[in-house]
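1. Please find the sequence and the predicted model below.
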Amino acid sequence: MVLRKQTSDLNMYFQLAKAASKLSTHFKHHIGAVIVNKKPVSIGANLSKTHPVFATEENGVYSIHAEVKAIISCPRSKLEGAEMWVYREKADGSVGLAMPCEFCQAIIVEAGIKRVYYTDDVSPEGYGIMEIG
Ligand SMILES: [Zn+2]
């Protein structure tokens, strides 16, 4: 992974999100999310599911998005004011755009997370930042 203009914290949490993406069971995209509240407090990966609860349909495969998995796995007391890192690995192994979808954005806002860092293979920085609120 090549990320430019990064701090060591940024790199560390993106590396953690990358490690989380290895837990993905999705057939195509491997996405990892880490929630940080002073320190890492939850991780999640996107998971292929047959049950449509918490799911969106992508090419006939239901999945739980990594951001949602990280939020529902996180202690509630750690969500308010937390930050999230999201890493996306494409099928060819390269880094992809991991900006949260509208569905996840709504849940992220509701959870009280204040900022999301996501990998971005187009921007010169190699990542994007979504400020909430
Ligand atoms: Zn999503």
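-> Sure thing, it's come through.
2. Can you give me every residue that contacts the closest residue in space to residue 131 that isn't next to it in sequence?
-> In space, and not counting its chain neighbours, residue 131 is closest to residue 115: 5.7 Å by CB to CB, 6 or more residues apart in numbering. C-beta here means a position set from N, CA and C on the backbone, and glycine is covered the same way. By CB atoms under 8 Å, 6 or more residues apart in numbering, the contact list for residue 115 reads 83-84, 129-132.
3. can you give me the helices for this structure?
-> 8-21, 66-72, 102-111 (DSSP state H).
4. deepest of the ones you listed, which one?
-> helix 66-72 (a mean of 25; mean count of other CB atoms under 10 Å).
5. what's the closest of the helices of the chain to residue 44?
-> Proximity to residue 44 (CB to CB) singles out helix 66-72 among these, at 3.0 Å.
6. Alongside the ion, which residues does the chain contribute?
-> Neighbours of the ion within the chain, by CB under 5 Å from the ion: 65, 101, 104.
7. May I see those residues organised as a markdown table, with pLDDT and distance to residue 10 added?
-> Below are the residues of the chain next to the ion laid out as a markdown table (pLDDT from 0 to 100; distance: CB to CB, whole Å):
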| residue | pLDDT | distance to residue 10 |
| --- | --- | --- |
| 65 | 93 | 22 |
| 101 | 94 | 22 |
| 104 | 95 | 20 |
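8. ok, of these, which one's closest to residue 124?
-> Comparing the residues of the chain next to the ion against residue 124 with CB to CB picks out residue 101 as the nearest, at 23.6 Å.
9. which regions of the chain sit below the pLDDT cut-off?
-> Along the chain, the model assigns pLDDT under 70 to residues 1-7, 50-61.
10. what are the ranges of the strands in it?
-> Using DSSP state E, the strands of the chain run over 30-37, 39-45, 47-49, 56-58, 61-64, 83-89, 95-96, 115-119, 127-131.
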